[in-house]
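Trainee: got a structure for you, letters missing:
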């Protein structure tokens, strides 16, 4: 990552302080920058590690979002986690905002900003998170890229350093509303060890979005299986991810 981009991501955290988790990428999704005014969105998503020392570790997220304008949406979010054994327990609660910034001239890339403020519960960490959201649509293709920076809030001296990561997807519309493609979640490192050899999870993705007949509610389903690469192979062999989202305009 270029120094200028790294400084930009650090600057985002100055704008709005946000939630970290035991596995900093297991709760992620690839956000788009778009905001729908007057639309309520309710989403549930979960991800689970398969194989290796972290097998069974699970993170689930519930998120309720409302588009207050054509450019700004606000949401409440709750995170739940379990380690390799034991029950799923609440880990964090917080608020988030998504802001559509506009399109980059000539490139056709839409941009946005994601900010989240979360408080840890049951031993979970309070933290700050910010994301630069980028999306490009061309015909049947859509690509999304999120550049992420996270920083604990209230951490002991010497432990409150920022971590950097990314979430990226590329999908193509195939039959009807079905989209097929691939996604990846990974890290750039931290203030202590930036770049170098980092891990990631990469694999196929399936998405579908549609409206049941005579229903005012639109449904979006997203599923994927991701293989561990690089240093992440030390913790798990792969991940499964699933999310379902309901949208309704009022």
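Mentor: Alright, I've got the coordinates. Not measured: the values here are computed from a predicted model.
Trainee: buried stuff in the longest strand along the chain?
Mentor: Criterion DSSP state E: the longest strand present in the chain is strand 89-104. Neighbour counts over strand 89-104 (16 or more other CB atoms under 10 Å) mark 91-100 as buried. Quick note: C-beta positions are derived from backbone N, CA and C, even for glycine.
Trainee: pretty sure residue 85 sits in a strand.
Mentor: No: counting by DSSP: H, G, I helix; E, B strand; the rest coil, residue 85 falls outside a strand, being coil.
Trainee: given the following helix or strand past the longest strand of the chain, what are its sheet partners and their directions?
Mentor: Later in the chain than strand 89-104, the nearest helix or strand by DSSP states H and E is strand 109-120. Strand pairing for strand 109-120, using DSSP bridges, gives strand 89-104 (antiparallel), strand 127-138 (antiparallel).
Trainee: related to what we said a few turns ago, just the mean pLDDT for the longest strand of the chain, thanks.
Mentor: Averaged across strand 89-104, pLDDT comes to 94.
Trainee: quick check: mean pLDDT of the helix or strand residue 40 falls within?
Mentor: Under the criterion of DSSP H and E, residue 40 resides in strand 39-50. Taken as a whole, strand 39-50 carries a mean pLDDT of 95.
Trainee: and for stretch 189-203?
Mentor: Mean pLDDT, computed over stretch 189-203, is 78.
Trainee: can you start the count at 305 instead of 1 from here on
Mentor: Yep, numbering from 305; the last one is stretch 493-507 now.
Trainee: buried residues in it?
Mentor: Buried, per 16+ other CB under 10 Å, within stretch 493-507: 493-494, 502-507.
Trainee: on the three-state scheme, the residue nearest to residue 388 when sequence neighbours are not counted is what?
Mentor: Leaving aside its sequence neighbours, residue 388 sits nearest to residue 360 (CB to CB, 6 or more residues apart in numbering; 4.4 Å). With three-state DSSP as the basis, the three-state label of residue 360 is coil.
Trainee: what about residue 360, neighbour count?
Mentor: Per other CB atoms under 10 Å, the neighbour tally for residue 360 reads 14.
Trainee: mind listing what it touches?
Mentor: By CB atoms under 8 Å, 6 or more residues apart in numbering, residue 360 lies in contact with 352-353, 386-389.
Trainee: what subset of those is buried?
Mentor: Neighbour counting by 16+ other CB under 10 Å classes 352-353, 386 among the contacts of residue 360 as buried.
Trainee: what bits of this structure have low per-residue confidence?
Mentor: Residues of the chain meeting the criterion pLDDT under 70: 305-328, 459-464, 495, 497, 500.
Trainee: now the helices for it?
Mentor: 307-319 (DSSP state H).
Trainee: before we move on, back to that, in TSV, list the strands paired with strand 413-424 along with distance to residue 455.
Mentor: Converted to TSV, the strands paired with strand 413-424 look like this (distance: least, CB to CB, whole Å):
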stretch	distance to residue 455
strand 393-408	14
strand 431-442	5
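Trainee: before we move on, back to that, between the buried residues of strand 393-408, which is closest to residue 533?
Mentor: Taking CB to CB as the measure, residue 533 lies nearest residue 395 of those, at 26.0 Å.
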